[in-house]
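# Everything below, folded, please.
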Amino acid sequence: MDRTPDAGAYPDTTCILDIYHVCEHLYEACFEHYREEGPARRKFKVLKDQLLAGQLKAVVNCLRQFSATQTVNYLLNNEDRLDYPRFKAEGLPTSSARIESACKNVIGARFKKGGMRWSFNRVKPMLALRYGVKNDGLASYYEGLRKTKPQVTATLGPPLAMAA
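Down below sits the predicted model:
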């Protein structure tokens, strides 16, 4: 079973497992085995370096010795998403940190101001509007809105963009 989101719609997509999320699993397995911070950190660093060097088999073999079956299965089920040397060579990001930061700064800055409360039904249209403003696509946003909700757009004007 292909777990890639919309694999048919995006056949040229390269799926990458976020290195920080993988590291969380590695560290947990190390800590469960050693039960002490110092030895767990040292072994974690070795495993992380091996993973980044493309030595997945060595990482899996070590984790098998730890009886960390769940982590081993996690890594093997995502083997094609763990080829960090190739991703680096191709200039691809191996972390979602930039995206998470952008969400925090762009979306959070607008939706988490003091005293604001939002329901999902209200946030979704505002996100679309904010996307249009930030990406110079406000005209296409208005056009889409006119087609889907002409009764709403009759009362809207430029002040709507200021709300975003």
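# got the domain boundaries for the chain?
Domains of the chain are assigned by automatic domain parsing as 19-89, 100-163.
# Please identify the most buried of those domains.
Among these, domain 19-89 has the highest mean neighbour count (mean count of other CB atoms under 10 Å), at a mean of 16. Backbone N, C-alpha and C define where each C-beta goes, glycine included.
# what's the following helix or strand after the helix or strand in which K45 is found?
Per DSSP states H and E, K45 falls inside helix 37-52. Using DSSP H and E, the next helix or strand after helix 37-52 towards the C-terminus is helix 56-65.
# in the protein, what spans have low per-residue confidence?
1-8, 136-137, 141, 151-164 (pLDDT under 70).
# what about R35, distance to V60?
Noted for R35: a distance of 22 Å to V60, by CB to CB, to the nearest Å.
# Give me the neighbour count for S95.
For S95, the neighbour count with other CB atoms under 10 Å is 13.
# Which elements pack onto the helix or strand containing Y142?
In this assignment (DSSP H and E), Y142 forms part of helix 138-148. Packing contacts for helix 138-148, counted by 3 or more CB pairs under 8 Å, 6 or more residues apart in numbering; DSSP states H and E, involve helix 120-134, helix 150-153.
# Select, out of those, the one closest to C15.
helix 120-134 (23.5 Å; CB to CB).
# May I have that closest one as PDB, with CA atoms only?
C-alpha atoms of helix 120-134 as PDB (Å, rounded to 0.1, in the frame of the first residue of the first chain):
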ATOM      1  CA  PHE A 120     -13.000  26.200  11.600                       C
ATOM      2  CA  ASN A 121     -15.700  27.500   9.300                       C
ATOM      3  CA  ARG A 122     -14.500  31.100   9.700                       C
ATOM      4  CA  VAL A 123     -10.800  30.300   9.600                       C
ATOM      5  CA  LYS A 124     -10.800  28.500   6.200                       C
ATOM      6  CA  PRO A 125     -12.100  31.400   4.100                       C
ATOM      7  CA  MET A 126      -9.700  33.800   6.000                       C
ATOM      8  CA  LEU A 127      -6.800  31.500   5.200                       C
ATOM      9  CA  ALA A 128      -7.700  31.500   1.500                       C
ATOM     10  CA  LEU A 129      -7.900  35.300   1.600                       C
ATOM     11  CA  ARG A 130      -4.600  35.600   3.400                       C
ATOM     12  CA  TYR A 131      -3.000  33.300   0.900                       C
ATOM     13  CA  GLY A 132      -4.200  35.500  -1.900                       C
ATOM     14  CA  VAL A 133      -2.900  38.700  -0.200                       C
ATOM     15  CA  LYS A 134       0.500  37.200   0.600                       C
END
